[in-house]
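Visitor: Generate a structure from the sequence data that follows.
(chains A and B)
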Amino acid sequence: MTLSRKDILSMRDMSVDEINFILETADSFLEVSTRDIKKVPTLRGKTIINLFVEASTRTRTSFEIAGKRLSADTINISGSSSSIIKGETLVDTARNLEAMNPDLIVLRHSAAGAPHMLAKLLKPAVINAGDGANEHPTQALLDIMTIREKKGRIAGLKIAIVGDILHSRVARSNIYALTRMGAEVHLAGPATMMPRDMGKMGVTVHYRLEPAIQAADIIMMLRIQLERQERKLIPSLREYAAFFGLNAKNIKLAKEDVLVMHPGPTNRGVEIAPDIADGPQSIILDQVTNGVALRMALLYLLTGGTA
Amino acid sequence: MRLLLQGGRVVDPSQNIDDFLDIIIEDGKIALLGKNLAGGLRDEGITTGFDGRVIDAQSKIVVPGLVDIHVHLRDPGFEYKETIASGSEAALAGGFTSIACMPNTKPVNDNRAVTEYILSKALECRLARIYPIAAVSRGSEGVAMAEYGDLSAAGAIAFSDDGKPVTDSALMLNAVEYAASFGRPVISHCEDTWLSAGATITEGFAAIQTGLSGAPSIAEDIMVARDILIAEYLSLPIHIAHVSTAGAVRLIRDAKSRGIKVTAETAPHYFTLTDEALLDFDTSVRVNPPLRSHGDREAIWEGLRDGTIDAIASDHAPHGIIDKEVEFEAAASGISGLETSLGISLRLVTQGMLSLNQLIAAMTWRPAKILNLSAGTLKTGAPADATLIDLNHSWQVDPATFRSRGKNTPFKGWNLTGKAVMTIVAGEIRWLQQGLQLK
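Guide: Below you'll find the model as predicted:
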């Protein structure tokens, strides 16, 4: 079986079969990272460009390690050379990179739809590593991989996603995938950070934390973006933490075996109390570990690999 | 030069005419409308044979030259997007004989020199009639009024800050009152820029699905409401540009029923597309106001049907590839619309939404009346501006063939039926569809 798509741009149009196929491939790559010599020759001779126009540490490192463990040549380009700020347009940058014949471009960009534009214009495969407030498909895939690893299934789980839903690409990608896989998705966040038509996404919307995490199997906390303050969406971080922060007290509403996730980076003491982030219910670091295997799988599949 | 348009179906809503008639044009004016005029002008019973050029208009409809009161010609300042000549040619190819151009040039048309430049260029290229709209405020900065007296004397026919909405209500009140004293209306782009800050599309399901920032539709409605209040308070006209929301249609309908002098236009994309067209981040559908919901589109249909919306205007906004081949949120707003406006609008007739008469009214005398233009009619003595439309002509939209420099259109590849095949300005055939046989 092969992946019958050139790019990974979105979870919006990804079928359950495709998701399962990607996750199975990812499972088989998990072991590589546990070896003493963490390198296989699978992608020797392939060139991968990590074009991170918007800042990122975790995702960029994860993609870079994934590429290197597969023996691909990985090149990182970062900085704010966005057409919005600088002279050269993204399209120009990308066409120049394309002229050097890479096999795959991983793009992180602050503008929603930027990877879609490149995918349409360029020959090499494009992976969306986060585009504005739109999507972060590899994060959703690694989240689902982690949930499945811990719970053995997705269907029927009550999964709460809490925070700034309006601006969260992680939420969007997860909502598409989790609802399609049969999870019962509950969202919670301040009303100003919850799009008015959100219910159309097949989720249950709450404006308080408690009903969302009540009897939840999984709680996914989102990073509250400090820079959103200027839009006057919340009065203060203090108030946000008091009403939407996950702590040792309110987590008791969830199932006893609830697991807590966070795409990082966390604002400790704001959306998540430190003792929860570091506590036994937290699988935040498992997400990071799985992220490498998941991205190895995608690099492999998009450069022609079969499983 | 005399011209006889023979045997066409004349649709002229300004005179309630929909009949097979001949038209004689003489000295750039409509000389006569009537049956079987080939025998010549009948004057006091004396018949002489027609000795001018005869144009066979059979199987065509003949309408007053179309009027588009909202276009951007980009000249001076952005000639790579459009020039007065290329924009005028696009107008003629689209069937338009009169167009009113917005002042967001560089420099802004806020002074006599720019207005005169536009008019002199228009005269030079001798294509469509061009009516400059000058700025409400100097530099369209929303602070101090431009010199409406001087601008009116130079030929400005209305005032608008176009895409830079007049957020200062005191300025708007004064502008409407002062402009009216020179017989000029103010055109308002209604947008509460606090509500639309940072947004590139409308709030709604498409915004959720794309992560693009959406402005609520009330960003438009709130300003429409304010402008209606100003028009009511002053008992003076205000024209609302490119209506796109159900709320705006409702407010305008209500205002009209109370006798307030508010008029409105909408653009073909608002009654044709919805925000679903944005789902794959196609920058050609980035417009301001943004494409709205199905409910809004239905309200626009109803507004056109019941006359709440007076006119169809293309909001022709040509852009270069560098303005559109960028990230969606960095892309310029606008559609190059002059050459698709009629074809897209005729869909409303084939779909039974509007009668042909209603549509032609919304593209001729009704917009002409809003700006007090001597256009949009085939009355005897009127300027001989006429458009021949072949309602059966099927064609595919191909931006590469556009006369406009702006190739930015979401209608690329659309199959349309109905096209202007001949455009006559001041009695001169200034545009002819390729392949059309003239007798």
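Visitor: hey, let's count contacts and neighbours off CA atoms from now on
Guide: OK.
Visitor: Near chain A, which residues of the stretch 101-250 of chain B? Just list them.
Guide: Within the stretch 101-250 of chain B, the residues that sit near chain A (Cα under 8 Å from any Cα of the partner chain) are B:204-205, B:208-212.
Visitor: If we use 10 Å, what do you get?
Guide: B:197-198, B:203-214 (Cα under 10 Å from any Cα of the partner chain).
Visitor: Scan those residues and report the most crowded one.
Guide: residue B:212 (28 neighbours; other Cα atoms under 10 Å in any protein chain shown).
Visitor: tell me the contacts of the residue lying closest to it once chain neighbours are set aside?
Guide: Nearest non-adjacent residue to residue B:212, counting by Cα to Cα, 6 or more residues apart in numbering or on different chains: residue A:112, 6.1 Å away. Neighbouring residues of residue A:112 by Cα atoms under 10 Å, 6 or more residues apart in numbering or on different chains: A:130-135, A:169, B:210-213, B:281, B:327-329.
Visitor: Report the buried members of the residues you listed.
Guide: Buried subset of the contacts of residue A:112 (neighbour count, 16 or more other Cα atoms under 10 Å in any protein chain shown): A:130-135, A:169, B:210-213, B:281, B:327-329.
Visitor: All the helices of the stretch 101-250 of chain A, in order from the start?
Guide: Along the stretch 101-250 of chain A, counting by DSSP state H, counting those that start in this stretch, helices occupy A:114-121, A:137-151, A:169-180, A:209-213, A:237-244.
Visitor: Turn those helices into JSON lines, columns for distance to residue B:289 and mean pLDDT.
Guide: Converted to JSON lines, the helices of the stretch 101-250 of chain A look like this (distance: least, Cα to Cα, whole Å; pLDDT from 0 to 100):
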{"stretch": "helix A:114-121", "distance to residue B:289": "22", "mean pLDDT": "95"}
{"stretch": "helix A:137-151", "distance to residue B:289": "30", "mean pLDDT": "98"}
{"stretch": "helix A:169-180", "distance to residue B:289": "25", "mean pLDDT": "98"}
{"stretch": "helix A:209-213", "distance to residue B:289": "36", "mean pLDDT": "98"}
{"stretch": "helix A:237-244", "distance to residue B:289": "33", "mean pLDDT": "93"}
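Visitor: Narrow the residues of the stretch 101-250 of chain B next to chain A to those in helices?
Guide: B:205-210 (DSSP state H).
Visitor: Quickly check the residues you listed for the two that are furthest apart.
Guide: B:205 and B:210 (8.6 Å; Cα to Cα).
Visitor: what sits in contact with each of those two?
Guide: residue B:279.
Visitor: Please tell me how far residue B:332 sits from residue B:275.
Guide: 17 Å (Cα to Cα, to the nearest Å).
Visitor: which residues touch the residue of the stretch 1-150 of chain A found nearest chain B?
Guide: Using Cα to the nearest Cα, the single residue of the stretch 1-150 of chain A nearest to chain B is residue A:134, 3.8 Å away. With contact taken as Cα under 10 Å, 6+ apart, residue A:134 is in contact with A:10, A:110-114, A:166-173, B:207-213.
Visitor: for residue B:402, same thing?
Guide: B:86, B:89-90, B:93-94, B:336-340, B:408.
Visitor: Go again with 7 Å.
Guide: Applying Cα atoms under 7 Å, 6 or more residues apart in numbering or on different chains to residue B:402 gives the contacts B:90, B:339.
Visitor: Name the residues of the stretch 151-300 of chain A found near chain B, please.
Guide: A:195, A:197 (Cα under 7 Å from any Cα of the partner chain).
Visitor: where does the stretch 151-300 of chain A have low pLDDT?
Guide: A:227-231 (pLDDT under 70).
Visitor: now the closest residue to chain A within chain B, nearest residue through space, not along the chain?
Guide: Closest approach between chain B and chain A, counting by Cα to the nearest Cα: residue B:211, at 3.8 Å. Closest residue to residue B:211 apart from its sequence neighbours, by Cα to Cα, 6+ apart: residue A:134 at 3.8 Å.
Visitor: Report the secondary structure state of residue B:390.
Guide: Three-state call for residue B:390 (DSSP: H, G, I helix; E, B strand; the rest coil): strand.
Visitor: Neighbours of residue 233, how many?
Guide: In the absence of a named chain, this looks at chain A. 13.
Visitor: try chain B instead
Guide: For residue B:233, using other Cα under 10 Å, the count is 11.
Visitor: Report the mean per-residue pLDDT for whichever strand or helix holds it.
Guide: Following DSSP states H and E, one finds residue B:233 within helix B:218-234. The average of the pLDDT scores along helix B:218-234 is 98.
Visitor: Name the residues of that helix that are buried.
Guide: Buried, per 16+ other Cα under 10 Å, within helix B:218-234: B:218-225, B:227-232, B:234.
Visitor: What parts of the stretch 1-150 of chain A come near chain B?
Guide: Checking the stretch 1-150 of chain A against chain B by Cα under 7 Å from any Cα, the hits are A:84, A:89-91, A:111-114, A:133-134.
Visitor: Take the residues you listed and keep only those in strands.
Guide: Among the residues of the stretch 1-150 of chain A next to chain B, no member falls in strands (DSSP state E).
Visitor: Who wins on neighbours among the residues you listed?
Guide: Top of the residues of the stretch 1-150 of chain A next to chain B by neighbour count (other Cα under 10 Å): residue A:113, with 31 neighbours.
Visitor: show me what contacts that one?
Guide: Contacts of residue A:113 were listed using Cα under 7 Å, 6+ apart, and they are A:131, B:281, B:327-328.
Visitor: Now with 8 Å, please.
Guide: A:131-132, A:134, B:210, B:280-281, B:327-328 (Cα atoms under 8 Å, 6 or more residues apart in numbering or on different chains).
Visitor: related to what we said a few turns ago, can you verify my assumption that the residue of chain B closest to chain A contacts residue A:169?
Guide: Yes - at 7.2 Å, residue B:211 counts as touching residue A:169 under the criterion of Cα atoms under 8 Å.
Visitor: between the two, what contacts are shared?
Guide: A:132-135.
Visitor: Looking at the residues you listed, spot the one nearest residue B:140.
Guide: For those, the nearest to residue B:140 is residue A:132 (31.4 Å; Cα to Cα).
Visitor: quick one: low-confidence ranges for the stretch 301-439 of chain B?
Guide: In the predicted model, the stretch 301-439 of chain B carries pLDDT under 70 at residues B:437-439.
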